[in-house]
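Undergrad: below is the structure, and that's it, no one-letter string:
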């Protein structure tokens, strides 16, 4: 095949694949602006009239404001907590490689593969008085993000020269100062990656609130959307508006941080 | 310099406490509880030996088919995601000359959407009467292919597999693309000088060099597939009948019904399947890469 033709065919294939991946988001966007009868078939046609009031109805009826702030609170607090404790642990385990620390590292990252036992976890949440509370879901989310965060940060600590530690210690740094003032700023790239991945994981999670948050005033956006869908199944315009408002924050973060996300996703595989 | 003083164990404690409290203790005590009649309606918990496991493995019950569905889901999503993910990665690595990052951003987009939202969108797309898929099929004259995707017990599981694959292909593509970019270009140049065909280059350079990335991808897919919940729960909730029921959705049903002993037993079986399959996958792929 001539080179130009081959390149055109490749672009056509990549373009088609992109189109297929974009189609559902496009569907949600245009149907969010239609009237209820027009949106009933969720077609690809553009709306005949623009119904911006769909968003207001979805926000009000779907209690989206409250669930937006819940999601924001859970994702932000748990991300900060998980990323910080993981960075501290990864730093010490990576720098001080005793047999015990090596075992501890493997023990901690084993959590990436472990399934959660929801029954005994319920008991644990009850015993610690964390069930059905905002603080409880934050601590739970933080705990669930720890294994992968440690895995991600552990490898990066190696790229920071040890001589820096030694210089800082000779200058009289205590361990806490060494970590917070010298090491933490240098970990910034991997902390941003871990932070974004943790934030998106928590924002998108549906399972933990389904198990552990009964009261609707504590629901994050995913659970609120699912509940809204149950009530307004026949009004796809409202469901679409509700969905669109839920995914806009995710898409914004993705477009801003896609380099960091892809760096994190591929870090394990490229290094082998 | 005494390094243990500069790197105090106390720095590990917070992460360790969180992990042990919410992962390890529930997991280990879960195994113990799977031999009891623990229920949501009674405070008394009695040891019942292997009763829960007998129930799960009994041919009179449906649990074996849930295990089967979980394995089928895992198997087919791995095949579909890897084949398409690899094809797209090759396309972006060699075929396309410009806008590569643009394509990558677009194809990866479904990965970052909440799975729940993806399931809801596919409920509309796969609607038998008014859904986009069937309208499109009828539009191009393929009426015979306009099937009741989510309500026919014979095809519902494959519809769920399809929707999940749509969401996951970009993830696999990105990892494989990063793997492809680490292969030295001079290997291909040397092969060209020796007169190797495109297929031979793929078979004897790309595939072996890509083995580590393929291994990671497969392990991640196995871990994901065996634990799958959101997409099944929101698309079909295990139905019609039990056609798409997987272990995690059944665990949630046992949880809702207060069958805690039985539920922990299913969780323990899932735990066991994860460990065994994960181990087998790694062994098989290691042997494969040794042979290359």
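TA: Received the coordinates, thanks. Worth saying up front: this structure is predicted, and the values here are computed from it rather than measured. Numbering: from 1, shown residues only, chains lettered A, B, ... in the order given.
Undergrad: worst-scoring helix or strand of chain A, pLDDT-wise?
TA: In chain A, no helix or strand scores lower on mean pLDDT, DSSP states H and E than helix A:36-39, which sits at a mean of 79.
Undergrad: which strands or helices does it pack on?
TA: Packing partners of helix A:36-39 (3 or more C-beta pairs under 8 Å, 6 or more residues apart in numbering or on different chains; DSSP states H and E): helix A:236-271. Every residue, glycine included, has its C-beta placed from N, CA and C.
Undergrad: got the buried residues for the helix it packs on?
TA: A:236-247, A:249-250, A:253-254, A:257-258, A:260-269 (16 or more other C-beta atoms under 10 Å in any protein chain shown).
Undergrad: so how far is the host helix or strand of residue A:155 from its chain's centroid?
TA: For residue A:155, the element it lies in under DSSP states H and E is helix A:134-157. Here helix A:134-157 is found 11 Å from its chain centre; the criterion is C-alpha atoms, centre = their mean, to the nearest Å.
Undergrad: cool, stretch A:24-32 as well?
TA: Using C-alpha atoms, centre = their mean, the offset of stretch A:24-32 from its chain centre is 22 Å.
Undergrad: tell me the phi and psi of residue B:42?
TA: As for residue B:42, its main-chain torsions (degrees, to the nearest 10) stand at phi -140, psi 150.
Undergrad: my read: residue A:173 touches residue A:182, true?
TA: Yes. With contact defined as C-beta atoms under 8 Å, residue A:173 counts as touching residue A:182 (6.7 Å).
Undergrad: what is the burial count for residue A:214?
TA: 10 (other C-beta atoms under 10 Å in any protein chain shown).
Undergrad: and the pLDDT for the residue nearest to it when sequence neighbours are not counted?
TA: Counting by C-beta to C-beta, 6 or more residues apart in numbering or on different chains, residue A:214 lies nearest to residue A:132, which is 5.4 Å off, once chain neighbours are set aside. pLDDT for residue A:132: 88.
Undergrad: likewise for residue B:264?
TA: Note on residue B:264: pLDDT of 92.
Undergrad: what helix or strand is it located in?
TA: Per DSSP H and E: residue B:264 is located in helix B:260-291.
Undergrad: for that helix, buried residues please.
TA: Buried-residue list, helix B:260-291, by 16+ other C-beta under 10 Å: B:260-271, B:273-274, B:277-278, B:281, B:285, B:289.
Undergrad: which of these are close to chain A?
TA: With C-beta under 8 Å from any C-beta of the partner chain as the criterion, the buried residues of helix B:260-291 include B:260, B:263-264, B:267-268, B:270-271, B:274, B:278 near chain A.
Undergrad: and of the residues you listed, the nearest to residue B:6?
TA: Proximity of those to residue B:6 (C-beta to C-beta) peaks at residue B:278, which lies at 36.3 Å.
Undergrad: check contacts around that closest one.
TA: By C-beta atoms under 8 Å, 6 or more residues apart in numbering or on different chains, the contact set of residue B:278 is A:113, B:219, B:222-223.
Undergrad: among those residues, which pair sits farthest apart?
TA: A:113 and B:222 (9.2 Å).
Undergrad: which single residue in the stretch 51-200 of chain B comes nearest to chain A?
TA: residue B:95 (2.9 Å; C-beta to the nearest C-beta).
Undergrad: quick one: contacts for that residue?
TA: By C-beta under 8 Å, 6+ apart, the contact list for residue B:95 reads A:6-7, A:9-11, A:13-14.
Undergrad: and it, how far from residue A:13?
TA: Separation of residue B:95 from residue A:13 (C-beta to C-beta, to the nearest Å): 7 Å.
Undergrad: number of residues surrounding residue 234?
TA: In the absence of a named chain, this looks at chain A. Neighbours of residue A:234 (other C-beta under 10 Å): 10.
Undergrad: think we crossed wires, I meant chain B
TA: Counted with other C-beta under 10 Å, residues neighbouring residue B:234 total 23.
Undergrad: same check on residue A:122?
TA: When neighbours are defined as other C-beta under 10 Å, residue A:122 has 17 of them.
Undergrad: surely it and residue A:140 touch.
TA: No. Residue A:122 is beyond contact range of residue A:140, at 11.0 Å (criterion: C-beta under 8 Å).
Undergrad: so who does the closest residue to residue B:72 other than its chain neighbours touch?
TA: Distances taken as C-beta to C-beta, 6+ apart place residue B:157 nearest to residue B:72, at 6.4 Å, with adjacent residues excluded. Contacts for residue B:157 (C-beta under 8 Å, 6+ apart) come out as B:69, B:72-73, B:243-244.
Undergrad: pLDDT, neighbour count and secondary structure for these - can I get that in TSV?
TA: Shown next, in TSV, are the contacts of residue B:157 (pLDDT from 0 to 100; neighbours: other C-beta atoms under 10 Å in any protein chain shown; DSSP: H, G, I helix; E, B strand; the rest coil):
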residue	pLDDT	neighbour count	secondary structure
B:69	94	24	helix
B:72	95	17	helix
B:73	96	24	helix
B:243	90	19	coil
B:244	92	27	coil
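Undergrad: looking at those residues, which one is closest to residue B:6?
TA: When the contacts of residue B:157 are ranked by distance to residue B:6 (C-beta to C-beta), residue B:73 comes first, at 48.5 Å.
Undergrad: check the gap between that closest one and residue A:138 for me.
TA: Counting by C-beta to C-beta - residue B:73 and residue A:138 are separated by 31 Å.
Undergrad: before we move on, what about residue B:9?
TA: For residue B:9, the distance to residue A:138 - C-beta to C-beta - is 25 Å.
Undergrad: residue A:257 too?
TA: 22 Å.
Undergrad: on that earlier part again, tell me, what's touching residue A:122 and residue A:140 both at once?
TA: residue A:212.
Undergrad: nearest spatial neighbour of residue B:7, skipping sequence neighbours?
TA: Excluding its sequence neighbours, the residue lying closest to residue B:7 (C-beta to C-beta, 6+ apart) is residue A:96, at 3.9 Å.
Undergrad: and that neighbour, how many residues sit next to it?
TA: Close neighbours of residue A:96, defined as other C-beta under 10 Å, add up to 18.
Undergrad: repeat for residue A:52
TA: For residue A:52, the neighbour count with other C-beta under 10 Å is 9.
Undergrad: hang on, isn't it packed against residue A:33?
TA: Yes. Counting by C-beta under 8 Å, residue A:33 is a contact partner of residue A:52 at 7.0 Å.
Undergrad: residue closest to the middle of chain A?
TA: residue A:200 (1.4 Å; C-alpha atoms, centre = their mean).
Undergrad: contact partners for that residue?
TA: A:250, A:253-254, A:261, B:112.
Undergrad: hmm, which of those is lowest in pLDDT?
TA: Per-residue pLDDT puts residue A:261 lowest of those, at 80.
Undergrad: that older thread, give me the element the residue nearest to residue B:72 is part of.
TA: helix B:156-181.
Undergrad: quick one: buried residues of that helix?
TA: B:156-157, B:159-180.
Undergrad: just stretch A:170-185 next, same as before
TA: Going by 16+ other C-beta under 10 Å, stretch A:170-185 has these buried residues: A:173, A:175, A:178-179, A:182-183.
Undergrad: now swap in stretch A:107-118 and tell me
TA: A:108-109, A:111, A:113-118.
Undergrad: among those, which lie within helices?
TA: Counting by DSSP state H, these place A:108-109, A:118 in helices.
Undergrad: which ones among the residues you listed also lie next to chain B?
TA: Near chain B, by the rule C-beta under 8 Å from any C-beta, you find A:108, A:118 out of those.
Undergrad: which one among the ones in helices among the buried residues of stretch A:107-118 gets closest to residue B:202?
TA: Among these, and counting by C-beta to C-beta, the member closest to residue B:202 is residue A:109, at 33.3 Å.
Undergrad: now do that closest one against residue B:104, distance only.
TA: Per C-beta to C-beta, residue A:109 is found 28 Å from residue B:104.
Undergrad: same question for residue A:75.
TA: Residue A:75 is 25 Å from residue B:104, by C-beta to C-beta.
Undergrad: again, but for residue B:127
TA: From residue B:127 to residue B:104 the distance is 31 Å (C-beta to C-beta).
Undergrad: also residue B:153?
TA: 38 Å.
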